[in-house]
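J.: below are the sequence and a predicted model for it; my questions follow.
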Amino acid sequence: MNFLAGTWLGEWLVGLGRISALARDAIASCLTFKASRRDLLYQIYFIGVKSQSVVLVTGAFTGMVLTAQTYFQFHKIKMDTATLAVVGVSMCDELGPVLTALMVSGRVGAAIAAEIGTMRVTEQIDALRTLATHPVDYLVVPRLLAGIITVPLLTMESIVIGILSGYLVGTQLLGIDPTYLYYDMMQYMNDVDVVFGLVKSFVYGGIIALIGCYKGLSCNVGAEGVGRATTEAVVYASITILITNFFLTLFLQRIYVLMS
Amino acid sequence: MIEVRQLKKSFGVQPILHDVSFRIENGESVAIIGRSGGGKSVLLKHIIGLLQPDSGEVLIDGENIVGMNERQLLRVRRKFGMVFQGAALFDSMSVAENVAFSLRRHERLTEGEIAKRVAAALAMVDLPGTEKKHPAELSGGMRKRVGLARAIIYEPQIVLYDEPTTGLDPIVSDSIDKLIIRVRDQLKVTSIVVTHDMRSARRVGNHVLMLHEKKIYANCSPEALFASQDAVIRQFVDGVADAKENIF
């Protein structure tokens, strides 16, 4: 593999290997629960509670615009009451999990990378190690657990507020019959749509926390290094979420077909 | 006891340490001196396992820490306390939380016991009553004292100091030197002080290791070092630049 040394592919593979090793260490540490409960609660507050406003606004306006656009097309073929069914399925399966994850990645992934990166360049991570504390136990595990706990909850919030906003836009602004709008939505939506959304958001929560931590822990010295780590954490997490979303959708559909 | 055997370390193509060997007995106080960028801090980080060498051995109480993974090293590091050049205090925590960090993570103590231990450690470094302050509110000297309180609160056997007086005025530097001597004498710890301040090296070290050209150039008492007529040692002790280094 020496022929890859110094090439972008070689560096990408090295990065992939390192982040996989970090994930392995973090999972091993999670299983033995070396993280403190206090740190975990703080991270749940920071990632979950503090991201509420951004997630709610995103969910609400996505639901509203999706309802309007769907209605404009469906109205032409007299299918107005099917509007919310499309909005519901889209929000549960794709838009809720993906947009929530992208928004959380922008807010939380960047903050995680900046905080850990600053700790690295000011020798605070070395100080942790000299105090017989593994950086993975103290820094990565609470953020990873908080990510996989809070992102699904935020996604559910986003889905609920998106459908609710869509319902209000449909009934109050676009004049769709509320009873048939609700009936059609319940008719065409399945429990499995919600389960797919939850499974995806669970994975995305892990991706955001892990990439943020990895970029912070591996950032170069100096203000430029921290700035670059912060930007890369958001960009890489967003791209990983979008790529993972495609394969996860195919995978979950396959599992669903096999199980039904 | 600390023993370093034929340690070699390079960063990329740049060699930093080459065949460095020495031994430090329990209770000794050693000053590691040498020019800036000469590898003193790198050597110190090898002793506590923050860096792994390219080759060689680092034995702590007879146990070779080279090649140990991070979790194995955590056990060895409980023998150490380290004071960083920039103090490396956790800036999101108060002074008390910084000092109590290792107690909270590794010992089962009540909050009352922790508060007592923190107060005692802060009193030892002449900073009583600063528990609620944050690192941003402290001066450079105060930060290093808090760093020292954090390093000694769990009573380690060995305390490492990375340039403890760099960037401080002569009076604060003097007080830090006195503090290092006090900690050494009261807690009976092995002290290793990396410095390029000759006055500090003379005061805190009962043994001096001089790094020069990537190797241990001198391994002697401070008195022998100051009395030496060797040209390299004299130049460093007297602080005289070569003609080619007169850049102005």
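T.: All right, it came through fine.
J.: where does chain B come near chain A, residue by residue?
T.: B:45, B:48, B:50, B:70-71, B:73-75, B:77-78, B:80-82, B:84-86, B:88-91, B:101-102, B:104-106, B:150-151 (CB under 8 Å from any CB of the partner chain). All C-beta spots, glycine's among them, are computed from the backbone N, C-alpha and C.
J.: can you pull the buried residues of stretch B:22-39?
T.: Of all the residues in stretch B:22-39, those buried under the rule 16 or more other CB atoms under 10 Å in any protein chain shown are B:22, B:24, B:28-34, B:38-39.
J.: chain center to stretch A:168-176: distance?
T.: Mean-position distance between stretch A:168-176 and its chain equals 30 Å (CA atoms, centre = their mean, to the nearest Å).
J.: contacts only, for residue A:106.
T.: Residues in contact with residue A:106 (CB atoms under 8 Å, 6 or more residues apart in numbering or on different chains) are A:234, A:238.
J.: quick one, strands of chain B?
T.: B:2-11, B:14-24, B:29-34, B:55-60, B:63-64, B:80-83, B:158-162, B:190-194, B:207-212, B:215-220 (DSSP state E).
J.: so what are the sheet partners of the fourth one and their directions?
T.: With DSSP bridges as the criterion, the sheet partners recorded for strand B:55-60 are strand B:2-11 (antiparallel), strand B:63-64 (antiparallel).
J.: hmm, who's touching that strand?
T.: B:1-8, B:19-21, B:46-47, B:49, B:64-66, B:76, B:79.
J.: got a ChimeraX select line for the buried ones in the residues you listed?
T.: Buried residues within the contacts of strand B:55-60, by 16+ other CB under 10 Å, are selected in ChimeraX with:
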select /B:2,3,4,5,7,20,46,47,49,65,66,76,79
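J.: returning to what we had before: which of the buried residues of stretch B:22-39 has the weakest pLDDT?
T.: Least confident entry in the buried residues of stretch B:22-39, by pLDDT: residue B:38, with 87.
J.: please name the residues that touch that one.
T.: B:211-212, B:214.
J.: so which of the residues you listed comes closest to chain A?
T.: Using CB to the nearest CB, residue B:211 is the member of those that sits closest to chain A, with 20.3 Å.
J.: and residue B:166, how far from residue A:54?
T.: Separation of residue B:166 from residue A:54 (CB to CB, to the nearest Å): 44 Å.
J.: my error: substitute residue B:161 in the last question.
T.: Counting by CB to CB, the gap from residue B:161 to residue A:54 is 45 Å.
J.: one more: residue A:93?
T.: 21 Å.
J.: neighbour count winner among those two?
T.: residue A:93 (23 against 17; other CB atoms under 10 Å in any protein chain shown).
J.: my read: that one touches residue A:195, true?
T.: No - here residue A:93 lies out of contact with residue A:195, judged by CB atoms under 8 Å, at a distance of 10.0 Å.
J.: give me the distance between the two termini of stretch B:124-143.
T.: End-to-end span of stretch B:124-143 (CA to CA, to the nearest Å): 14 Å.
J.: what's it in contact with?
T.: B:86-87, B:89-91, B:93-96, B:98-99, B:115, B:118-119, B:122, B:145-146, B:148-149, B:152, B:167-168, B:172, B:175-176, B:179, B:182-183, B:186.
J.: does residue A:35 count as helix, strand or coil?
T.: coil (DSSP: H, G, I helix; E, B strand; the rest coil).
J.: and it, how many residues sit next to it?
T.: 23.
J.: pull the longest helix from the chain.
T.: I'll assume chain A. Identified as the longest helix of chain A according to DSSP state H is helix A:223-259.
J.: let's do chain B instead
T.: helix B:170-187.
J.: can you pull out the residues in contact with stretch A:130-140?
T.: A:22, A:25-26, A:29, A:34-36, A:39, A:116, A:119, A:125, A:128-129, A:209-210, A:213, A:216-217, B:48, B:50, B:70-71, B:74-75, B:77-78, B:80-82, B:101-102, B:105-106, B:150-151.
J.: what of stretch A:183-196?
T.: Against stretch A:183-196 from outside (CB under 8 Å, 6+ apart): A:81-82, A:84-85, A:87-89, A:92-93, A:159, A:163, A:249, A:252, A:256.
J.: just the buried residues of those residues.
T.: Of these, these count as buried by 16+ other CB under 10 Å: A:81-82, A:84-85, A:87-89, A:92-93, A:159, A:163, A:252.
J.: which other helices and strands does the longest helix of chain B contact?
T.: Judged by 3 or more CB pairs under 8 Å, 6 or more residues apart in numbering or on different chains; DSSP states H and E, helix B:170-187 is in contact with helix B:111-124, helix B:140-152, strand B:158-162, strand B:190-194, helix B:198-204.
J.: buried stuff in stretch A:24-32?
T.: A:25-26, A:29-30.
J.: and chain A, which of its residues are near chain B?
T.: A:36, A:119, A:122-124, A:126-127, A:129-134, A:138.
J.: let's see 7 Å
T.: Proximity of chain A to chain B (CB under 7 Å from any CB of the partner chain) is limited to residues A:122-124, A:126-127, A:129-134.
J.: ok, so of the buried ones among the contacts of stretch A:183-196, who is nearest residue A:6?
T.: Within the buried ones among the contacts of stretch A:183-196, proximity to residue A:6 (CB to CB) peaks at residue A:252, which comes in at 38.7 Å.
J.: distance of that closest one relative to residue A:95?
T.: 16 Å.
J.: now swap in residue A:163 and tell me
T.: Distance from residue A:163 to residue A:95, by CB to CB: 11 Å.
J.: need the residue closest to the centroid of chain A.
T.: residue A:101 (2.6 Å; CA atoms, centre = their mean).
J.: what helix or strand does it sit in?
T.: Here residue A:101, judged by DSSP states H and E, is contained in helix A:96-104.
J.: avg pLDDT for that helix?
T.: Here the average pLDDT along helix A:96-104 is 96.
J.: same deal with stretch B:147-160?
T.: The model assigns stretch B:147-160 a mean pLDDT of 94.
J.: neighbouring contacts of that stretch?
T.: B:44, B:47-48, B:79-84, B:87-89, B:98-99, B:101-103, B:117, B:121-122, B:124-125, B:127, B:179, B:183, B:187, B:189-192 (CB atoms under 7 Å, 6 or more residues apart in numbering or on different chains).
J.: what's the burial count for residue B:88?
T.: Neighbour tally, residue B:88, other CB under 10 Å: 24.
J.: same question, the one 10 residues further on
T.: As a burial measure, residue B:98 scores 27 neighbours (other CB under 10 Å).
J.: verify the contact between it and residue B:90 for me.
T.: Yes - if you go by CB atoms under 7 Å, residue B:98 and residue B:90 touch, sitting 5.5 Å apart.
J.: helix or strand: which one has the residue nearest to residue A:233 when sequence neighbours are not counted?
T.: The shortest distance from residue A:233 to any residue other than its chain neighbours is 3.6 Å, reached at residue A:113 (CB to CB, 6 or more residues apart in numbering or on different chains). Using DSSP H and E, residue A:113 sits in helix A:110-121.
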